[in-house]
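Undergrad: coordinates only, sequence not included:
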């Protein structure tokens, strides 16, 4: 089954709760929260208060993508706010295993992400220890970017590694996912699609946009 994970980075924050509920009614299976610290990426975004607010309005799992230089500093605050899963970047964790074990020890899910310039093979040693592998299909930091052309091949290589090491691990893609690139990502092996602008800025609204994405990828 393909999961749609709307990214609230593209939402209208004046109507955040309303838009998230629309996406949920459309069939979204989780909500993606992009956290940026101005160091690991050049932008700043949201913190635990947003997760806490979302937790009150949606029953969906909340996955927090920590695009930060020091992810260990934020584990407690985001879980206390109601996060269900944390996504950590391989680039800032020389040895991620202690943090992965800490998160699993709290009964929560954990994933690892790689940027476009990072070989997906760097995740191989940790695939048995994570619930989700995130292949960035744009350079992180800003929404609305175009899907990078090398992404399908990277997704295929990561899918092959997951199938070898931990078939239960999900393969998520994030960046530039739209009506054209969603099927490409799924055909390459992704089973979770993070979609921001194409859901929350869709003229037909988030509910109809999620329904359309699910229709487009259901046959893949």
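TA: Perfect, I can see it now. Only a predicted model underlies this, so the values are computations on that prediction, with no experimental measurement involved.

Undergrad: which residue ranges form the strands in this protein?
TA: With DSSP state E as the criterion, the chain has strands at 3-6, 31-36, 62-67, 85-89, 109-114, 132-136, 170-174, 192-195.

Undergrad: Among these, which comes closest to residue 150?
TA: strand 132-136 (10.6 Å; C-beta to C-beta). Just so you know, the C-beta spots here come from the backbone N, C-alpha and C atoms, and that holds for glycine as well.

Undergrad: mind listing what the closest one pairs with, with the direction of each?
TA: strand 109-114 (parallel), strand 170-174 (parallel) (DSSP bridges).

Undergrad: Mean pLDDT added to these, as TSV?
TA: Formatted as TSV, the strands paired with strand 132-136 follow (pLDDT from 0 to 100):
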stretch	mean pLDDT
strand 109-114	98
strand 170-174	98
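
Undergrad: Just name the most buried of these.
TA: Mean neighbours per residue, mean count of other C-beta atoms under 10 Å, is largest over the strands paired with strand 132-136 for strand 170-174, with a mean of 25.

Undergrad: now stretch 122-129, how far from the chain's geometric center?
TA: Centroid separation for stretch 122-129 versus its chain: 17 Å, with C-alpha atoms, centre = their mean, to the nearest Å.

Undergrad: I meant stretch 115-128, not that one.
TA: Taking the mean of its C-alpha atoms, stretch 115-128 sits 15 Å from the chain's own mean (C-alpha atoms, centre = their mean).

Undergrad: same deal with stretch 156-171?
TA: In terms of C-alpha atoms, centre = their mean, the centre of stretch 156-171 is found 16 Å from the chain centre.

Undergrad: before we move on, what about stretch 3-19?
TA: 13 Å.

Undergrad: What is the end-to-end distance of it?
TA: Stretch 3-19 stretches 18 Å from its first residue to its last (C-alpha to C-alpha, to the nearest Å).

Undergrad: Likewise for stretch 145-156?
TA: 21 Å.

Undergrad: State the mean pLDDT of that stretch.
TA: The predicted model assigns stretch 145-156 a mean pLDDT of 95.

Undergrad: What are the buried residues along it?
TA: Residues of stretch 145-156 classed as buried by neighbour count (16 or more other C-beta atoms under 10 Å): 147-148, 151-152, 154-155.

Undergrad: For the spatially closest residue to residue 190 that is not a sequence neighbour, give the beta-bridge partners.
TA: Once flanking residues are discounted, residue 190 sits nearest to residue 173: 4.5 Å by C-beta to C-beta, 6 or more residues apart in numbering. Counting by DSSP bridges, residue 173 forms beta bridges with residue 135, residue 193.

Undergrad: Could you report the separation of residue 173 from residue 137?
TA: Distance from residue 173 to residue 137, counting by C-beta to C-beta, to the nearest Å: 5 Å.

Undergrad: what is in contact with these two at once?
TA: Counting by C-beta atoms under 8 Å, 6 or more residues apart in numbering, the shared contacts of residue 173 and residue 137 are 151, 155, 185.
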